[in-house]
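S.K.: This is a predicted model, with the sequence first.
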Amino acid sequence: MKKVLLGVCAALMAAAFVSCGGEKAAVVKIGVFEPASGDNGAGGKQETLGIQYANSVTPTVNIAGKEYKVQLEIVDNESSNDKAVTAASELISKGVSVVLGSYGSGVSIAASDTFAAANVPAIGVTCTNPQVTLGNEHYFRICFLDPFQGTVLANLAADKFAAKKAYCLSKLGDDYSGGLVKYFVEAFKKLGGEVVEETFPDGTSDFAAYVANAKKTGADVFFSPVSIEAAALIIEQANTQGMTLPILAGDTWDSNVVLAQAKGTKVQIYVTTFFVEGSSDPKVTSFVDGFRGYLNANATAKTNNGGDDEIAAVSAMGFDVYYTALEALKAAGSTKGADVMKALPSVTYEGVSGAIAFDQNGDAVRDVAYVKKVNNETGKWDFVAQQSVK
């Protein structure tokens, strides 16, 4: 009996690794280069959730007539430029064909050379700094860029709030917030506006002085496109000090952390983002219903989403980037990174966040951002406008 049981176990184990044709099941690996800790950990988890959900919906891909199981290899870059290379090297050692990420431009830039040296392409999801793709052929992205986003926000400040002076706060040495402030300032000054700029060092946990300074300047708007963790602290101080200036921010503030912190306060918050619910497009409604169901059926996923089923734009973008990667693998007809890289420039995909295509720099061809604001009573987002630049 013991021998029979051993034989059955061996057969079952073999079946797990062998296809019906008697061959080893084919696997293609996609790397997920995202923060699960550090300043951007909350956003990175939500971006990863979109990728994981897409993988659960479509776990295989047909490449050159052969069916492959798609295996996600996920690493935590810890929101750290110093740790980015180690995390990227880990993905390369696992034999990934393409990398997705990262939430945060700084870590994407820091890891770029590692991907290039291995001839493995990377597709940025929401890393908006122009330096991510500039001067290279291996990094692509599906999101709009900061020059565009900064200009949209400057237009919002001038058009909606008739702002003449803006207080801008960014993190010292941070590519994302520093870059977005730079482009906002350039656009706002072209509109005739005046700017007061400040930066805060890494590790700052008390924003009382910065909020007080903003109030003293006589600014009409407070612009601070910083991390989610810093955002929550800024909102807390704005509420404590009764700041009436509307706060404008970029895509990082599109988070349920921000909603929870602002609920029940009078702090006005407006953000630019990549995706909003409410479309009648069947593709969008299918994603919204499916992803919300996925979160509610999976305790770990819901925890990684901040404990509720609010859908962040970065999750929709994660969903879209997964399918963009599948299209690249199919177009390449190969699992070799170099072949996927060659195929990517011509890849197109109709995603839940809109049409995806790449320009000559590997950047997304996008000309629209969505603006939404916090509803302080419901703790939800209210859609404001779909906005391009002047």
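M.R.: Arrived safely, thanks for sending.

S.K.: Every contact and neighbour count from this point should use C-alpha atoms.
M.R.: Noted.

S.K.: what's the most centrally placed residue in the chain sitting at in phi/psi?
M.R.: Computing the C-alpha centroid of the chain and ranking residues by Cα atoms, centre = their mean puts residue 126 first, at 3.6 Å. Backbone torsions of residue 126, given as degrees, to the nearest 10, read phi -140, psi 20.

S.K.: now residue 353
M.R.: Per degrees, to the nearest 10, the backbone of residue 353 is at phi -100, psi 0.

S.K.: how about low-confidence regions in the chain?
M.R.: Scanning the chain for pLDDT under 70 picks out the ranges 1-23, 390.

S.K.: could you point out the longest helix in it?
M.R.: If you go by DSSP state H, the chain has its longest helix at helix 313-332.

S.K.: Check which helices and strands it sits against.
M.R.: Helix 313-332 sits against helix 41-57, strand 60-63, strand 98-100, helix 337-343, strand 349-351, with contacts defined as 3 or more Cα pairs under 8 Å, 6 or more residues apart in numbering; DSSP states H and E.

S.K.: The longest strand seen in the chain versus helix 41-57: what angle between them?
M.R.: Counting residues, the longest strand found in the chain (DSSP state E) is strand 66-76. For strand 66-76 against helix 41-57, the angle by axes from the mean of the first three to the mean of the last three Cα atoms, to 10 degrees is 160 degrees.

S.K.: related to what we said a few turns ago, tell me which of the helices and strands packed on helix 313-332 lies nearest to residue 115.
M.R.: Nearest of the helices and strands packed on helix 313-332 to residue 115, taken as Cα to Cα: strand 98-100 at 8.3 Å.

S.K.: elements contacting the closest one?
M.R.: Contacts defined by 3+ Cα pairs under 8 Å, 6+ apart place strand 98-100 against strand 27-34, strand 122-124, helix 313-332.

S.K.: quick revisit: just the CA trace of the longest helix of the chain, in CSV.
M.R.: Presented in CSV, the C-alpha positions along helix 313-332 are these (Å, rounded to 0.1, in the frame of the first residue of the first chain):
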residue,chain,number,x,y,z
ALA,A,313,-6.2,55.1,-10.4
VAL,A,314,-2.8,53.4,-10.0
SER,A,315,-4.6,50.0,-9.7
ALA,A,316,-6.3,50.6,-13.1
MET,A,317,-2.9,51.5,-14.5
GLY,A,318,-1.4,48.4,-13.1
PHE,A,319,-4.2,46.4,-14.8
ASP,A,320,-3.5,48.1,-18.1
VAL,A,321,0.3,47.7,-18.0
TYR,A,322,-0.1,43.9,-17.5
TYR,A,323,-2.1,43.6,-20.7
THR,A,324,0.3,45.9,-22.5
ALA,A,325,3.1,43.5,-21.5
LEU,A,326,1.1,40.6,-22.9
GLU,A,327,0.7,42.4,-26.2
ALA,A,328,4.4,43.0,-26.3
LEU,A,329,5.1,39.3,-25.7
LYS,A,330,2.7,38.3,-28.4
ALA,A,331,4.1,40.8,-30.8
ALA,A,332,7.7,39.6,-30.1
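
S.K.: Name the surrounding residues that touch that helix.
M.R.: Outside of helix 313-332, the residues within contact range by Cα atoms under 8 Å, 6 or more residues apart in numbering are 43, 46-55, 61-64, 98, 100, 123, 125-126, 142-143, 254, 273-276, 335, 339-340, 342-344, 347-349, 351-353.

S.K.: repeat for stretch 35-45
M.R.: Outside of stretch 35-45, the residues within contact range by Cα under 8 Å, 6+ apart are 34, 75-80, 102-104, 227-230, 252, 255, 304-306, 314.

S.K.: what's the spacing between stretch 212-228 and its chain's center?
M.R.: With Cα atoms, centre = their mean, to the nearest Å as the basis, stretch 212-228 stands 24 Å off its chain's centre.

S.K.: got it, and stretch 280-295?
M.R.: Its chain's average C-alpha position is 18 Å from that of stretch 280-295, according to Cα atoms, centre = their mean.

S.K.: So which bits of stretch 37-45 are buried?
M.R.: Using 16 or more other Cα atoms under 10 Å as the test for burial, stretch 37-45 gives 37, 39-45.

S.K.: quick one: which two of these are the most distant?
M.R.: The largest separation in the buried residues of stretch 37-45, counting by Cα to Cα, is between 39 and 45 at 11.6 Å.

S.K.: follow-up on the earlier one: which ones among the contacts of stretch 35-45 are found in helices?
M.R.: Within these, residues falling in helices by DSSP H are 228-230, 304, 314.

S.K.: Kindly reformat the residues you listed as CSV and extend each row with distance to residue 159 and neighbour count.
M.R.: CSV is the format used below for the ones in helices among the contacts of stretch 35-45 (distance: Cα to Cα, whole Å; neighbours: other Cα atoms under 10 Å):
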residue, distance to residue 159, neighbour count
228, 26, 21
229, 29, 18
230, 27, 22
304, 36, 20
314, 26, 30
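
S.K.: Nearest to residue 152 among those?
M.R.: Nearest to residue 152 among the ones in helices among the contacts of stretch 35-45 is residue 314, at 18.6 Å by Cα to Cα.

S.K.: any idea how far residue 180 is from the closest one?
M.R.: 17 Å (Cα to Cα, to the nearest Å).

S.K.: count of neighbours near residue 93?
M.R.: Residue 93: 9 surrounding residues under other Cα atoms under 10 Å.

S.K.: quick one, phi psi at it?
M.R.: Dihedral angles for residue 93 - degrees, to the nearest 10 - are phi -70, psi -20.
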